[in-house]
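Asker: the amino acid sequence is not available; the structure is as follows:
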């Protein structure tokens, strides 16, 4: 593969620096969250492993940038098939953790196929939509939904990974809206969502596992069960709130290392950050994520083709939804659905997938000029 | 451009929407960190730091001879740390602790909100067998812990229970009272008797440990420690040998006994029967035990020596006699003839001796407890004079002992009747009052105090539960002539020791006991109630002091529905006095050697 000088000249350094910065903040926060409460305690090695994953992820990102994203379009259906296969594997021989079956054990590492699948899914939908002409009518909306979104959502719900399923549905809907809907199709989307909320809610409730029900109840009424899930939310709020304006200072937080916070280095990492860096740090962090997402939207509007544009939008929306759901959960304004914070939460597959996604954004932006080759 | 015509507009709109989402998050963070920040900071400190109060060893309660009445003893309880309750097998735990499953899960779920991180106490007052069982299964329930507090062993069980009192958990009201702010949240405090009255001295000062803890409730580091200061000991005026002998002599009978030292006001014994076992409270009384005691018809929790009032019956004649002598209504030679009754208008007032006592003077009138003689004295004196003497001897008002919510008794006079009954006083009522019937009511404690004043020659002492260090100074000296008191005391000796005396059953070969019987009517119809059902039988009284020459003990005995005072109450008084005098002589002999 030859390296074009224009490739370097047009490289999206902003996105690259933002995600590397977020990953470094993530490692620092993981270090703080898992440090022992006493000087002589033993340190968990999460931050070292996360560091290895970051290096691997940067390599993967460079690999993704090295070829034109048009190849992703060409390979999309194969990738989609591969993703579905992985999801099937999880259902058949997945490893169970916390009542959910999400991991595949590959000997050295466990990995979460849903993290990989979501990328293939966005790529495939972007391709499918980009090949449609004009606004989407009622029939083609239904066709697209059942063809691309329905089956994987059912499989994710079965895992059960309700969080990812809902996020994928939201990404699907937002991409469809961005593509453009005919009046009737808009009406259908609105109608279905209005009707299905109570109806689906009931079916979902019956189908929910106990831990999922607990989470919902705890979200609606956190004081009702202070040592269960509500306890998690309360402790997260205590952690963030106690950070006050400028925070307790790095490595001065107590909620994480003293084990008051559950999942402190994964889903609740924002709470550890907020405790140590306070309002000032939190707002800066929010600003970093917002910059990344707006940069992605800008990339979408500058992309050389509709596929690239939809892909950049899909990835940006995904980041947005993940961020909002995760941080909203730690702040007690969203239910606990077990979604990681992109680039910061401990977890290799998720980190790798997000770096690859950001790599695709960089790829699209770098090759935004139609007459590149 | 590339998507549809309005694509860049849509991207712009979504950018605004995303900014709005971030704005929502920022507002929420503002709310948590800035608006409620200090509150959450406090919560996070409380999360981590725990102040554990350590109860001070409680002072010991001794009797007047230095015998310990209580012992501090460990009190075991099992608790569970509120974190990591997921996956707890409540049914198995309930089986292990031998508790009802619902009660147990209720305890775990409904703990007080302020103690979010404090271990939840599941069962208290564990026996050693229970502890062994729990320890054996510790690996199945890692968050269980058996800990110990200090509680009390009441060495004499139900003997002296009303006087010594008991410890218990603070009630709702005490919990929020500033008096108990500094005690450990689960500590025992005095709830009755001396334990309650002198709680502050006995309690000492609790210590404090500030500990850094993790969420699993494990102690990480001791940050600061303040040692508890042991509570002060308390030495009671009570003599446990006397108390024990007297309580035992009650047997199954219901009633009260109060004994005092006439020359100091020290309380030598204070009894209310039936009693209860204070150890039940100190070991965390079970709901069922509490209900049993509380629903007992004989009211074991009622301190009859202070909280019940009864007509004093003929024991009141001592007051009438003193009043008559002092007011010059009679002298030692004044004679009255008893024909068995006195007729006043349409009313007949009988003497308990229906055949009549014949002609007698004050001495024999007291010895034989002639009612007619005292009707006559009442008539000569008028009720208001009788009442004023009764009040001088402390009747009709609270003793101020603060031991329990006590009754004040009733000393009726014309003013009292006008106020309370809106009626004028009738002479017939004077007759009744003169022999301690009708409206007159006293507590056993008041009668012991009265007897003490008679015995010591008219000095009024403030009653004291604690042993006096040196001879206390009397509050007042009653303005009563020595001759009067001497005459009455001589007669009281006659009650026990002379032929025909009603108090013959108290006659002792050990010591010269003086006393007066009393039989207080419960129903006004019959005189002899031996054959009536127990609840209608008369109350039996005996008030006494001894020895005649230099009184060392004064007491009152009241047996509810005991029938005749001479028959039921006098033997109890005799046993009590003999027990005390034996102890005193032993002590004197020891100090003499």
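Answerer: Arrived safely. Just so we're clear, the structure is a prediction, and the values are computed from it rather than from any experiment.
Asker: any idea which element the residue of the stretch 101-250 of chain A found nearest chain B lies in?
Answerer: Proximity of the stretch 101-250 of chain A to chain B (CB to the nearest CB) peaks at residue A:241, 2.7 Å away. Placement of C-beta: from N, CA and C, glycine included. Residue A:241 is located in helix A:229-242, with elements delineated by DSSP states H and E.
Asker: now do the contacts for whatever residue of chain B ends up closest to chain A.
Answerer: Proximity of chain B to chain A (CB to the nearest CB) peaks at residue B:40, 2.7 Å away. Residue B:40 makes contact with A:237, A:238, A:240, A:241, A:242, A:244, B:32, B:33 under the criterion CB atoms under 8 Å, 6 or more residues apart in numbering or on different chains.
Asker: and for the closest residue in space to the last one that isn't next to it in sequence, the neighbour number?
Answerer: This means residue B:33. Leaving aside its sequence neighbours, residue B:33 sits nearest to residue A:279 (CB to CB, 6 or more residues apart in numbering or on different chains; 4.3 Å). Neighbour count of residue A:279, defined by other CB atoms under 10 Å in any protein chain shown: 21.
Asker: what packs against the helix or strand that contains residue A:82?
Answerer: Per DSSP H and E: residue A:82 is located in helix A:70-93. Counting contacts by 3 or more CB pairs under 8 Å, 6 or more residues apart in numbering or on different chains; DSSP states H and E, helix A:70-93 packs against strand A:100-105, helix A:113-130, helix A:151-158, helix A:306-330.
Asker: go again with 10 Å.
Answerer: strand A:100-105, helix A:113-130, helix A:151-158, helix A:306-330, helix A:348-366 (3 or more CB pairs under 10 Å, 6 or more residues apart in numbering or on different chains; DSSP states H and E).
Asker: can you list the ones you listed in JSON lines and add mean pLDDT and distance to chain B?
Answerer: Shown next, in JSON lines, are the helices and strands packed on helix A:70-93 (pLDDT from 0 to 100; distance: least, CB to the nearest CB, whole Å):
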{"stretch": "strand A:100-105", "mean pLDDT": "62", "distance to chain B": "15"}
{"stretch": "helix A:113-130", "mean pLDDT": "92", "distance to chain B": "8"}
{"stretch": "helix A:151-158", "mean pLDDT": "85", "distance to chain B": "22"}
{"stretch": "helix A:306-330", "mean pLDDT": "94", "distance to chain B": "5"}
{"stretch": "helix A:348-366", "mean pLDDT": "94", "distance to chain B": "11"}
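Asker: got TSV for the ones you listed, with mean neighbour count too?
Answerer: Converted to TSV, those look like this (neighbours: other CB atoms under 10 Å in any protein chain shown):
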stretch	mean neighbour count
strand A:100-105	18
helix A:113-130	24
helix A:151-158	18
helix A:306-330	25
helix A:348-366	25
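Asker: which sections of chain A are below the confidence cut-off?
Answerer: Along chain A, the parts satisfying pLDDT under 70 run over A:1-4, A:37-42, A:94-110, A:192-230, A:258-259, A:370-373.
Asker: can you give me the angle the lengthiest helix in chain A makes with helix A:348-366?
Answerer: For chain A, the longest helix by residue count, based on DSSP state H, is helix A:269-302. Here the directions of helix A:269-302 and helix A:348-366 differ by 30 degrees (axes from the mean of the first three to the mean of the last three CA atoms, to 10 degrees).
Asker: identify each buried residue in stretch A:57-75, please.
Answerer: Buried residues in stretch A:57-75, counted by 16 or more other CB atoms under 10 Å in any protein chain shown: A:57, A:58, A:60, A:61, A:64, A:65, A:68, A:69, A:72, A:73.
Asker: one step back: the residue nearest to residue B:33 touches residue B:25, doesn't it?
Answerer: No - with contacts counted by CB atoms under 10 Å, residue A:279 stays clear of residue B:25, the gap being 11.9 Å.
Asker: circling back to that earlier point, quick check: closest non-adjacent residue to the residue of the stretch 101-250 of chain A closest to chain B.
Answerer: Per CB to CB, 6+ apart, closest to residue A:241 is residue B:40, 2.7 Å.
Asker: stretch B:140-157 close to chain A?
Answerer: No - figure legend: stretch B:140-157 not in contact with chain A (CB under 10 Å from any CB of the partner chain); closest approach 10.9 Å.
Asker: which parts of that stretch are buried?
Answerer: Those buried within stretch B:140-157 under the rule 16+ other CB under 10 Å are B:141, B:143, B:144, B:146, B:149, B:150, B:151, B:152, B:153, B:154, B:155, B:156.
Asker: need the longest helix for chain B.
Answerer: Looking across chain B with DSSP H, the single longest helix is helix B:565-592.
Asker: elements contacting that helix?
Answerer: helix B:240-250, strand B:255-260, strand B:267-273, helix B:482-497, strand B:514-520, strand B:539-546, strand B:553-559.
Asker: ok so, going back, buried residues in the helix holding residue A:82, which are they?
Answerer: For helix A:70-93, by 16+ other CB under 10 Å, it's A:72, A:73, A:76, A:79, A:80, A:83, A:84, A:86, A:87, A:90.
Asker: which strand residues bridge residue B:554?
Answerer: residue B:260, residue B:545 (DSSP bridges).
Asker: nearest residue to residue B:438 other than its sequence neighbours?
Answerer: Of all residues not flanking residue B:438 in the chain, residue B:432 sits nearest, at 3.3 Å (CB to CB, 6+ apart).
Asker: so who does that neighbour touch?
Answerer: B:311, B:349, B:371, B:375, B:378, B:383, B:412, B:426, B:438-440, B:521, B:524 (CB atoms under 10 Å, 6 or more residues apart in numbering or on different chains).
Asker: filter those residues to the buried ones?
Answerer: Applying 16+ other CB under 10 Å to the contacts of residue B:432 flags B:311, B:349, B:371, B:375, B:378, B:383, B:412, B:438, B:439, B:440, B:521 as buried.
Asker: mind putting the helices and strands packed on helix B:565-592 into TSV with mean pLDDT, mean neighbour count and distance to residue B:88?
Answerer: As requested, these are exported to TSV (pLDDT from 0 to 100; neighbours: other CB atoms under 10 Å in any protein chain shown; distance: least, CB to CB, whole Å):
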stretch	mean pLDDT	mean neighbour count	distance to residue B:88
helix B:240-250	93	22	48
strand B:255-260	96	29	51
strand B:267-273	94	28	46
helix B:482-497	94	20	70
strand B:514-520	92	31	61
strand B:539-546	93	30	58
strand B:553-559	95	31	56
